[in-house]
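Asker: Please find the sequence and the predicted model below.
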Amino acid sequence: MSGADFVATGGCLCGAVRFGLTGKLAPVGFCHCSKCRRVSGTGSNAVLNVRRDRFAWLSGEDNLKRYALPSGWSTVFCADCGCPAPQPTPDGGRMFVPAGALDGDPALDIAGHIHLGSKPAWVAICDDAPRFEEGAA
Ligand SMILES: [Zn+2]
Ligand SMILES: [Zn+2]
């Protein structure tokens, strides 16, 4: 697959980890839970939930590290620069792709916000996307 076939590409800060997306771009969703706040270092994460067949590793898959909590919640990141990286969803059928890792500024719809019950007061939400106190219904 050539680079021209991708609707978006992305990667980590050091450039070791690279990936591409095909097909219709998934919308970006925000999770404000305490785990996503810690792993992102800010008020929420920002993630695309991408069909596995629309995701391709370009490089660096062997450069990933994974940290998992006993609950099974996990984060995957570049072993060299520490940037959050794509990881499979628990059922393996889709990929969680960090929106901030994308190159440039692809046009993304906003899927919504979850775990607003954990959102810090200093985070302002400025869109009309669906909001959930806990996980999405
Ligand atoms: Zn890196
Ligand atoms: Zn979360």
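Answerer: Everything's here; your move. Numbering: from 1, shown residues only. Ligands and ions are numbered 1, 2, ... in the order given.

Asker: Leaving out chain neighbours, which residue sits closest to the residue nearest the centre of the chain?
Answerer: Taking CA atoms, centre = their mean, the centroid of the chain lies closest to residue 98, which sits 2.4 Å from it. Leaving out its chain neighbours, the residue that sits closest to residue 98 by CB to CB, 6 or more residues apart in numbering is residue 84, at 4.5 Å. Quick note: C-beta positions are derived from backbone N, CA and C, even for glycine.

Asker: Then residue 127?
Answerer: Nearest to residue 127 is residue 110, by CB to CB, 6+ apart, at 5.1 Å.

Asker: Just grab the bridge partners of that neighbour for me.
Answerer: Taking DSSP bridges as the rule, residue 110 bridges to residue 28.

Asker: Wait, it touches residue 130, no?
Answerer: No - contact criterion CB atoms under 8 Å: residue 110 and residue 130 do not qualify, at 9.1 Å.

Asker: Quick one: the strands in the chain, in order.
Answerer: 8-11, 18-21, 28-31, 47-51, 55-59, 64-68, 74-78, 87-88, 94-98, 110-114 (DSSP state E).

Asker: any residue of the second one up close to ligand 1?
Answerer: What it means is strand 18-21. No - using CB under 5 Å from the ion, strand 18-21 stays clear of ligand 1, with a minimum separation of 9.5 Å.

Asker: Flag the shaky bits of the protein, pLDDT-wise.
Answerer: In the predicted model, the chain carries pLDDT under 70 at residues 1-4, 137.
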